[in-house]
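Chemist: Next come a sequence and a model predicted from it.
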Amino acid sequence: MRRIVLLLLLPYPLLAGAAPPDWRSGWGMVQPTGVPQGASAGALASVKLEGGASRWQARVDNHLAGPVQVALRQDAGAVALPGLPMQTVLPGSASVVVTRLQLPPDTQRLNLLLDAVPGDPAARPMDVTYQLPFDAKRFQVTQAPQGRFSHTDAENRDAVDFALPEGTPVLAARAGKLMQVQGNFHDNGQDPARDRDRANFIRVLHEDGSMAVYAHLQANGVLVRSGQRVEAGQRIGVSGNTGYSTAPHLHFVVQANTGMQLRSIPVRIVAPQGELQFAREVAPGSDGAAP
């Protein structure tokens, strides 16, 4: 999944443009809405052009407290420019000049697209055990890995949905650093186009570069801040029913960036009863909470 931004060079203002038809959303990757880009607009990263006349440089700001892979390119059909397209990985909260552009004389407009994906593709996730992300001796899994209701895409194929009453404390399943948080949405619904981006969630970066997402948290139910270090078992949030969701639950998934693409990772989760075992398929039409 990716975050796409359209930029217009002077004399036009910096704006977000419409995304191409193949754009897809994901946790914290909000479709452009026509407003100037920046951290407040929900962007993973934003780009600004510095310079004048025919000499410009593109500076990209990473708005997350962890690495982000970015790709900068021109709009389809544009005249090729040296220095584009390009890809790089930005450290957490970095501001970096990623390329310099020499524009042809009398250039009036330049369309650029910035794609951004959380994580470093050079990371190599380790096979480790994860704690149960809540404290309960009895619980229900409403959608297992490869669940056909909503665990069918690359980002969520290995996710687990746990049915939890709203207000249940959510615990870090593994130690790490808070990379990304979103916690101000209040509602839920079953319209993917409208509701997928309205889920409250926490993204935790682990030492091996993998990232755990804890999603559908209660409004104002994020109890940690971006950049904070957390330990396994530490209370980090409160479960809820926000975003694209049919019932209160916790969506838990571990992801890795495999090169401008997030993919989920099968993980081993240990509960008080022992390691959880999941049926990897569910029957079409079976009950289950949304992603």
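Modeler: Structure's in. What do you need? Residues are numbered from 1 along each chain as shown.
Chemist: Tell me what the spatially closest residue to Gln87 that is not a sequence neighbour is bridged to.
Modeler: Distance criterion CB to CB, 6 or more residues apart in numbering; nearest residue to Gln87, sequence neighbours excluded, is Ala71 at 4.5 Å. Bear in mind the C-beta positions are built from the backbone N, C-alpha and C, glycine included. Beta bridges link Ala71 to Gln87, Asp115, judged by DSSP bridges.
Chemist: I'd guessed Ala71 sits against Leu114; true?
Modeler: Yes: in this structure, Ala71 is within contact of Leu114 by CB atoms under 8 Å, at 7.4 Å.
Chemist: Neighbour count: the two, which is higher?
Modeler: Remark: of Ala71 and Leu114, Leu114 carries more neighbours, 23 against 19, as counted by other CB atoms under 10 Å.
Chemist: if I look at the more buried one, how far off is Leu205?
Modeler: Distance, Leu114 to Leu205, using CB to CB, to the nearest Å: 21 Å.
Chemist: go on, Met86?
Modeler: Using CB to CB, Met86 is found at 24 Å from Leu205.
Chemist: who has more neighbours, those two?
Modeler: Leu205 (23 against 12).
Chemist: Could you pull up the contacting residues of that one?
Modeler: Taking CB atoms under 8 Å, 6 or more residues apart in numbering, we find Leu205 in contact with Ala65, Gly66, Pro67, Gly119, Gly176, Lys177, Leu178, Met179, Met211.
Chemist: count of neighbours near Val117?
Modeler: Neighbourhood size, Val117 [other CB under 10 Å]: 26.
Chemist: I'd like to know which of the contacts of Leu205 is nearest to Val97.
Modeler: Nearest to Val97 among the contacts of Leu205: Pro67, at 17.4 Å, using CB to CB.
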